[in-house]
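In: Structure of the sequence below:
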Amino acid sequence: ANGLTLTKVRKLMQTIGFAGPALFLGLTARTADPILGVLFMTLALGLGSFSQSGVYANHQDIGPEYSGILLGISNTFAALPGIIGVALTGFILEGTGS
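Out: Numbering: from 1, shown residues only. All right, here's what the predicted structure looks like:
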């Protein structure tokens, strides 16, 4: 079999998906040109999608016959901090009068 191994492809996708947005968001912060700013933010968002290939393929590796259930469980736990964080922030702000 020619080409890259599955592991190397996934690592490459994760690297593009994390380093690409970091680079272009850094460039966005340093540009004064609004057109370049929009271009850099667009590239950052687009390149960030490469990281999804590793995240969602992982469930297929762990348990192919239960990948849907595993994805549902992991997405539930991933969403909980966003839900709890908003409520907790409101509680703290009300309690401190800030």
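In: How far off centre is the helix ranked longest in the chain?
Out: Longest helix in the chain, counting residues (DSSP state H): helix 67-96. Distance, stretch centre to chain centre, for helix 67-96: 16 Å (C-alpha atoms, centre = their mean, to the nearest Å).
In: do the same with stretch 31-42
Out: Counting by C-alpha atoms, centre = their mean, stretch 31-42 comes out at 21 Å from the chain centroid.
In: Any regions of the chain where pLDDT drops low?
Out: For the chain, the stretches with pLDDT under 70 are 1.
In: rerun at 80
Out: 1-2, 54 (pLDDT under 80).
In: OK, contacts around residue 74?
Out: residue 59 (C-beta atoms under 8 Å, 6 or more residues apart in numbering). Every residue, glycine included, has its C-beta placed from N, CA and C.
In: no, scratch that, I was asking about residue 26
Out: Counting by C-beta under 8 Å, 6+ apart, residue 26 has no contacts.
In: so it is in which element?
Out: Using DSSP states H and E, residue 26 sits within helix 6-29.
In: Can you give me the buried ones in that helix?
Out: Under the neighbour-count criterion of 16 or more other C-beta atoms under 10 Å, helix 6-29 has 10, 13-14, 16-17, 20-21, 24-25, 27-28 buried.
In: for stretch 68-80, same thing?
Out: Buried-residue list, stretch 68-80, by 16+ other C-beta under 10 Å: residue 71.
In: What is the neighbour count of residue 37?
Out: 15 (other C-beta atoms under 10 Å).
In: got it, and residue 53?
Out: Using other C-beta under 10 Å, the number of residues around residue 53 comes to 16.
In: Contact partners for it?
Out: Here residue 53 is in contact with 10, 13, 17 (C-beta under 8 Å, 6+ apart).
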